[in-house]
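Participant: Just a sequence and a predicted model for now, questions to come.
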Amino acid sequence: MIRLANPSFLLIGVIFLPLLFKRKTAFLGYSHLPLLEADGGSSFFQYLPQLFFAIMIALLILGLARPQWQRVVQHERFLARDILLVVDLSHSMEDNMASALDVKNGSRKIDVAKKAALQFIQKRKNDRIGLLVFGDETFGSWPLTRDHRLISKKVTRLGSNFYGGTNLLQPFMKAMEHFREMGQSTSRLLVFLSDGEATIPAIMKQTIVTEMKKMDIHLYLLGINLTEKSGDILEIVEGVQGRFIPTESEGELSSAFDEIDRLEANTVEIEVQGKGQELYPIALILALCILFSWTLLRSTLFIELC
C-alpha cells in the first residue's frame, strides 16, 4: 500500500503542468516568408524536450509529496531464548551476604544479585529478557524484550524499595502468565533470585509443576543463603526437574549465571512492523536522470534534428 505523506504538493502539479502544454499562438514578423526553410525539423523532436521537462517536473513534485510504502513487514530469524528474571525484593534482601568477604565489604544481598544479573544480561546477544520483582505482591517491571540496555537500567534501579515479606506463589503464576502472553521461543528460562522461604499450598504446588512441565519452562533457583532444606520452593524445583544453585557469595552467584548460559538456544522468528519505507528518493533520482539526459540531448541530438 502506497500513501503520500505530503499530498498537498500534488496541487502544484495540477496547476503548473497543464501550463507546459498550453498551445502558444506564434507571430513571425518577417517581410519575405518564402526565404524561410520549408522544413522546420521533425515535429516529434520539437516536442520531446517539452515532454522531458514535464516528466521531470512531475517526478520532482511526486518526490515532494513523499510517497511511502506502508505496512512493511519483515521476518527475522535468530537463535534465542526467552529468559524471565524473577528477583526477590522482600525486606530480607536488604541484609548483608553471609560470606566473610561480602560481610566485610558490607554487600547487601540485593546488590550482589544485581551485579551478577547485570553481567549475565551483558553476555546475551539475541535472548529476550524480562523482569519480575516480588515481595508481598508481584510486579512486572518489564516484559520480554531484546532491548538489553533498558533491562539493565531496570535491574540497576532495584534495591531502593522493598515490599514486605516473601510470597512465592504469585511470582510463579505471574511468570507462567507472562510466558503465555509474550513468549516466542520454545526455550523458556525462569531464573529465580531469592533468599526467602515461604509455604505454598499443596494443590497450588502441583498446579505450578504441571503447568511448567506443559510449557517446558526450565527453572533455575539461585538461592541466596538458602539451604537444601528450604521447603516448598525446592519441591517445585524438583518437580519440574529444575536446578537449585545455592549461593553464598558474589563469585558463586556469577558462576550460577554462567551455568545457566550453557542451556541450548532455539530459533525464533519474529515479525517486525515497519513504520513505512520512503519512496521519494526513487522519484528524485529519476528526475535527475531525465534532467541529465535532457541537457545532454539538447546539446547534441536536438541541435541537428530540431
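Facilitator: Nice, I can see it. Residues are numbered from 1 along each chain as shown.
Participant: Quick check on residue 247: phi, psi?
Facilitator: The phi and psi torsions at residue 247 (degrees, to the nearest 10) take the values phi -130, psi 130.
Participant: ok, now the one 4 residues further on?
Facilitator: The phi and psi torsions at residue 251 (degrees, to the nearest 10) take the values phi -60, psi -40.
Participant: Tell me, how many residues neighbour it?
Facilitator: Number of residues near residue 251 (other C-beta atoms under 10 Å) recorded here: 14. Every residue, glycine included, has its C-beta placed from N, CA and C.
Participant: One more: the one 4 residues further on?
Facilitator: A total of 13 residues lie near residue 255 under the criterion other C-beta under 10 Å.
Participant: ok, now which ones touch the nearest residue to residue 194 once chain neighbours are set aside?
Facilitator: Closest residue to residue 194 apart from its sequence neighbours, by C-beta to C-beta, 6 or more residues apart in numbering: residue 88 at 3.8 Å. Residues near residue 88 by C-beta atoms under 8 Å, 6 or more residues apart in numbering: 133-135, 166, 192-196, 224.
Participant: Let's have the residues you listed in CSV, adding neighbour count and distance to residue 157.
Facilitator: Formatted as CSV, the contacts of residue 88 follow (neighbours: other C-beta atoms under 10 Å; distance: C-beta to C-beta, whole Å):
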residue, neighbour count, distance to residue 157
133, 24, 10
134, 26, 16
135, 22, 16
166, 21, 21
192, 25, 20
193, 27, 15
194, 27, 19
195, 22, 20
196, 20, 21
224, 27, 19
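Participant: hmm, back to that, check what pLDDT the residue nearest to residue 194 gets.
Facilitator: Residue 88 is assigned a predicted lDDT (pLDDT) of 92.
Participant: same check, this time on residue 70
Facilitator: Reported pLDDT for residue 70: 65.
Participant: Test of understanding: give the bridge partners of the residue nearest to residue 194.
Facilitator: With DSSP bridges as the criterion, the beta-bridge partners of residue 88 are residue 134.
Participant: follow-up on the earlier one: confidence-wise, which of the contacts of residue 88 comes last?
Facilitator: residue 196 (76).
Participant: which SS state does that one fall under?
Facilitator: coil (DSSP: H, G, I helix; E, B strand; the rest coil).
Participant: what residues are up against it?
Facilitator: Neighbours of residue 196 in contact, by C-beta under 8 Å, 6+ apart: 88, 90, 92, 165-166, 168.
Participant: Pull the most distant pair out of the residues you listed.
Facilitator: Using C-beta to C-beta, the contacts of residue 196 span at most 12.9 Å, a distance reached by 92 and 168.
Participant: So between these two, which is more surrounded?
Facilitator: A count of neighbours by other C-beta under 10 Å puts residue 168 above the other of residue 92 and residue 168, at 24 against 19.
Participant: Quickly note the distance from the more buried one to residue 207.
Facilitator: For residue 168, the distance to residue 207 equals 13 Å [C-beta to C-beta, to the nearest Å].
Participant: likewise residue 215?
Facilitator: Residue 215 sits 12 Å away from residue 207, going by C-beta to C-beta.
Participant: show me where pLDDT drops low in the protein?
Facilitator: Low-confidence segments of the chain (pLDDT under 70): 1, 17, 19-49, 70-78, 99-106, 228-230, 263-276, 297-306.
Participant: domains of it?
Facilitator: Listed by automatic domain parsing, the domain ranges of the chain are 2-18+42-71+277-305, 78-269.
Participant: Single out the most deeply packed of these.
Facilitator: domain 78-269 (a mean of 18; mean count of other C-beta atoms under 10 Å).
Participant: Just the element for residue 241, please.
Facilitator: Using DSSP states H and E, residue 241 sits in no helix or strand.
Participant: just residue 116 next, same as before
Facilitator: Assessed by DSSP H and E, residue 116 sits inside helix 109-122.
Participant: residues contacting residue 115?
Facilitator: Counting by C-beta under 8 Å, 6+ apart, residue 115 touches residue 250.
Participant: heads up, I number from 143, so please use that
Facilitator: With the count now opening at 143, the last piece we talked about shows up as residue 257.
Participant: At which residues are the strands of the protein located?
Facilitator: Taking DSSP state E, the strands of the chain run over residues 144-146, 209-211, 215-222, 224-230, 270-276, 280-287, 330-336, 359-366, 385-389, 408-415, 419-420.
Participant: now residue 203: how far from residue 156?
Facilitator: 9 Å.
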